[in-house]
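Engineer: Predicted model and sequence follow; I will ask about them next.
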Amino acid sequence: MNKLTVRDLDVREKRILVRVDFNVPLQEHGDHFHVGDDTRIREALPTINYLREHGAKTILMSHLGRPKGQRVEKYSLRPVGGHLHGLLDHPVLFSHDIIGEIPEKIIASMGAGDVVLLENLRFQPEEEANDPVFARALAGLGDLYVNDAFGTAHRAHASTAGITKFVSKSAMGFLMEKELKYLHEELDRPAKPFVVIMGGAKVSDKIDVLKALMKKADAILIGGAMANTFFQAQGVPVGKSKVESDKLDLARDLVETARTSNVRLLLPVDVRETQEIKAGATVRNTTRLSPQSGVADGWLAVDIGSATESLFQEEIGKAKTILWNGPMGIFEIPEFSHGTFAIAKAMAESDGVTVVGGGDSVTAVEQAGLADKMTFISTGGGASLELLEGKELPGVAALTDKD
Ligand code: 3PG
């Protein structure tokens, strides 16, 4: 990636605008909110600490949720500022206004090493509209710009793209650099065999990424509800499982593309089925799936089965690079979580490069207590998928090229 990084900037005594992705879950406690999972905040610390240690004045900007251009109190970043204060063990100033006199005054009062967090950028409709007047006003608060918001790099918004036109230099932060190293460079020329595990609800969400990965992967293992659409396309009974019945041709097309690309596309050979999606429900393993024997009438698939677990574990065990995106079942319910956790465990035991590509599979790996056993876990959901699809991320493209 031929872009400037924060190391290339002279930041001492400068006001550094840093776009971070602090779009984190907030939990309501009485009349105030607490940060739930703070992974995204902790992952931004290397850049923030570097700037503080190098005498910069750090101006943090983020969005939280989708308040649609309105000031919505439950999406305020104020609790995130409080949480960051604890992590940094240094006060984090907070600006209730995003642009204008209030943040200008706060920033003018800051010394080297100080940090301010601006209120949720999406309280202003101009942020998502990538409005140039707003982008210029944001840029005017600082001297140089750093984008460390990998999770938002697929959005061309004022704070991720537009702003770069109004600052002399724009660089990536350490998190952005790390995400691109693993999801882009490492997976561009993966050590072989390269095995991809894809799960989640809908095949329609994953078409482009599956097609792109078929150019590189040796095997693609499919799980989660998206497997049902493949089953139905092959005439395997699915009971009352969730199926995208308008995507059957697409599923057949993907099977065909895999065949012509010499990629082994492995579907579950058995599943775990239940009659109702609730904790404590009865779950049973089907026999081997075929057009003659599938999910029973009135039952639905909620997880991969035990034979599939063994098959997938064997593939993972042989791989030198493994990418995982999307759970194998409804893992939020303990009875349906076995297959998802089996994948997490197999990845944790692998000697290869293990990359968890954002979203629910990250939660699963964390719940399994195996996060520190993975080579890399992405903080991006949509951004990591778009990158894996081979798309250019606007938030990266807009940064200053290295000479
Ligand atoms: C995310 O959580 O994926 C990012 O913060 C982007 O959020 P968005 O999908 O609302 O743009």
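Structural biologist: Perfect, I can see it now. Numbering: from 1, shown residues only.

Engineer: Report the buried residues of stretch 124-136.
Structural biologist: Applying a neighbour-count criterion of 16 or more other C-beta atoms under 10 Å, one finds 124, 126-128, 130-131, 134-136 buried in stretch 124-136. Glycine gets a C-beta too; all of them are placed from N, C-alpha and C.

Engineer: Export only the CA atoms of it, formatted as CSV.
Structural biologist: As requested, the backbone C-alpha atoms of stretch 124-136 are provided in CSV (Å, rounded to 0.1, in the frame of the first residue of the first chain):
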residue,chain,number,x,y,z
GLN,A,124,-24.8,16.3,10.9
PRO,A,125,-26.3,15.2,7.6
GLU,A,126,-23.3,16.7,5.8
GLU,A,127,-21.0,13.9,7.1
GLU,A,128,-22.7,11.1,5.1
ALA,A,129,-23.4,13.5,2.2
ASN,A,130,-19.6,14.1,2.0
ASP,A,131,-20.4,17.8,1.9
PRO,A,132,-17.3,19.8,0.9
VAL,A,133,-18.2,22.8,3.1
PHE,A,134,-18.5,20.5,6.1
ALA,A,135,-15.3,18.6,5.2
ARG,A,136,-13.4,21.9,4.9
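
Engineer: Widest-spaced pair of the buried residues of stretch 124-136?
Structural biologist: The most widely separated members of the buried residues of stretch 124-136, counting by C-beta to C-beta, are 128 and 136 (16.4 Å).

Engineer: follow-up on the earlier one: could you point out which of the buried residues of stretch 124-136 is nearest to the ligand?
Structural biologist: When the buried residues of stretch 124-136 are ranked by distance to the ligand (C-beta to the nearest ligand atom), residue 128 comes first, at 8.2 Å.

Engineer: before we move on, back to that, distance to residue 184, pLDDT and secondary structure added to the buried residues of stretch 124-136, as a markdown table?
Structural biologist: Formatted as a markdown table, the entries for the buried residues of stretch 124-136 read as follows, by distance: C-beta to C-beta, whole Å; pLDDT from 0 to 100; DSSP: H, G, I helix; E, B strand; the rest coil:
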| residue | distance to residue 184 | pLDDT | secondary structure |
| --- | --- | --- | --- |
| 124 | 31 | 98 | coil |
| 126 | 30 | 98 | helix |
| 127 | 26 | 98 | helix |
| 128 | 25 | 98 | helix |
| 130 | 24 | 98 | coil |
| 131 | 29 | 98 | coil |
| 134 | 29 | 98 | helix |
| 135 | 26 | 98 | helix |
| 136 | 30 | 98 | helix |
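
Engineer: Contact partners for the residue found closest to residue 344 once you drop the neighbours it is linked to in the chain?
Structural biologist: The spatial neighbour of residue 344 that comes closest, neighbours along the chain excluded (C-beta to C-beta, 6 or more residues apart in numbering), is residue 368 at 4.3 Å. Remark: with contacts taken as C-beta atoms under 8 Å, 6 or more residues apart in numbering, residue 368 is in contact with 341, 344-345, 348.

Engineer: Report the buried members of these.
Structural biologist: Buried residues within the contacts of residue 368, counting neighbours by 16+ other C-beta under 10 Å: 341, 344-345, 348.

Engineer: State the pLDDT value of the closest residue to residue 25 other than its chain neighbours.
Structural biologist: If you skip the residues right next to it in sequence, residue 25 has residue 36 as its closest partner in space, 3.7 Å away by C-beta to C-beta, 6+ apart. Note for residue 36: predicted pLDDT of 90.

Engineer: So which residues on the protein come close to the ligand?
Structural biologist: For the chain, the residues found near the ligand under the criterion C-beta under 6 Å from any ligand atom are 21, 23, 66, 151-152, 155, 381-382.

Engineer: picking that back up, settle this for me: the residue nearest to residue 25 is touching residue 24, isn't it.
Structural biologist: Yes. Residue 36 is in contact with residue 24 according to C-beta atoms under 8 Å; the separation is 6.7 Å.

Engineer: Which one's more surrounded, those two?
Structural biologist: residue 24 (21 against 10; other C-beta atoms under 10 Å).

Engineer: ok, now how distant is that one from residue 270?
Structural biologist: According to C-beta to C-beta, to the nearest Å, residue 24 and residue 270 sit 37 Å apart.

Engineer: Next: residue 103.
Structural biologist: Applying C-beta to C-beta, one obtains 58 Å for the distance of residue 103 from residue 270.

Engineer: now swap in residue 58 and tell me
Structural biologist: As judged by C-beta to C-beta, residue 58 and residue 270 stand 53 Å apart.

Engineer: Compare the two and say which is more crowded by neighbours.
Structural biologist: A count of neighbours by other C-beta under 10 Å puts residue 58 above the other of residue 58 and residue 270, at 28 against 21.
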